[in-house]
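J.: Sharing a sequence plus its predicted fold:
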Amino acid sequence: MPSSNEALRQESVKKILLHTCCAPCATYTVNRLREMGFDVTAYWYNPNIHPFTEHRNRLDSMRAFAQTIDLPLIVAEGYDMISYFRAVVGHEGERCGDCFRMRLDRTAAVAVENGFPSFTTTLLISPYQKHDLLREVGEEVAKQNEVEFYYQDFRTGFRESQQLSREFDLYHQKYCGCVYSEWERFGKIDIAKMLGST
Ligand code: SF4
């Protein structure tokens, strides 16, 4: 039987499901959420990471990191690459919204199924993501799934996450995730401009 103080402490701990895009972005984000009193569980669902071997490398790194910092991690079964392409083909220049929606909608649903009152995402730490769109999509899927989206601008911790990532010797990706982003990174192109979407 916990003491009354312990019961109070347990009551004040807020469970949160953290969608994780990769281990480096999880470093600072998990620390920060824990400091704020959240009981964090990570969730992996990233069908936007191509090719399969890159997805495997990032997931392996996330698994190892989670074990190191004693972070519970739920991994979605399978590799949903085909669903990702079905969602973005035809509007590749504006694909990020659908990519966010796929991942965050699944996270919100898993949060509800497993009794988490809220969810959030490590994507909020990246200065390279479309931050406002990410927030908008997070709030939209939260409403649809009747669960809270915890928003915080984690970008202030981006430098620290890079430092932590080096300290933990984590696998570091060279592009956002999808084959389109890989082409943009190494081909020095902008698909939205190429397709006239902007
Ligand atoms: S660039 Fe990144 S966020 Fe945008 S669609 Fe590709 S993987 Fe998703």
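T.: Yep, it's here.
J.: Low-confidence ranges, this structure, go.
T.: When residues are selected by pLDDT under 70, those of the chain lie in 1-12, 198.
J.: With adjacent residues omitted, what lies nearest to Ala76?
T.: Spatial nearest neighbour of Ala76, excluding adjacent residues (Cβ to Cβ, 6 or more residues apart in numbering): Tyr45 at 3.9 Å. The C-beta positions use only the backbone N, C-alpha and C, and glycine is treated the same way.
J.: my bad, Arg58
T.: Cys22 (5.1 Å).
J.: ok, that neighbour - contacts?
T.: Counting by Cβ atoms under 8 Å, 6 or more residues apart in numbering, Cys22 touches 58, 61-62, 122, 171, 173.
J.: now that we have the residues you listed, which one has the most neighbours?
T.: In terms of neighbours by other Cβ atoms under 10 Å, those top out with Met62 at 26 neighbours.
J.: What separation is there between the residue nearest to Arg58 and the ligand?
T.: Separation of Cys22 from the ligand (Cβ to the nearest ligand atom, to the nearest Å): 11 Å.
J.: try Phe85
T.: Distance from Phe85 to the ligand, by Cβ to the nearest ligand atom: 11 Å.
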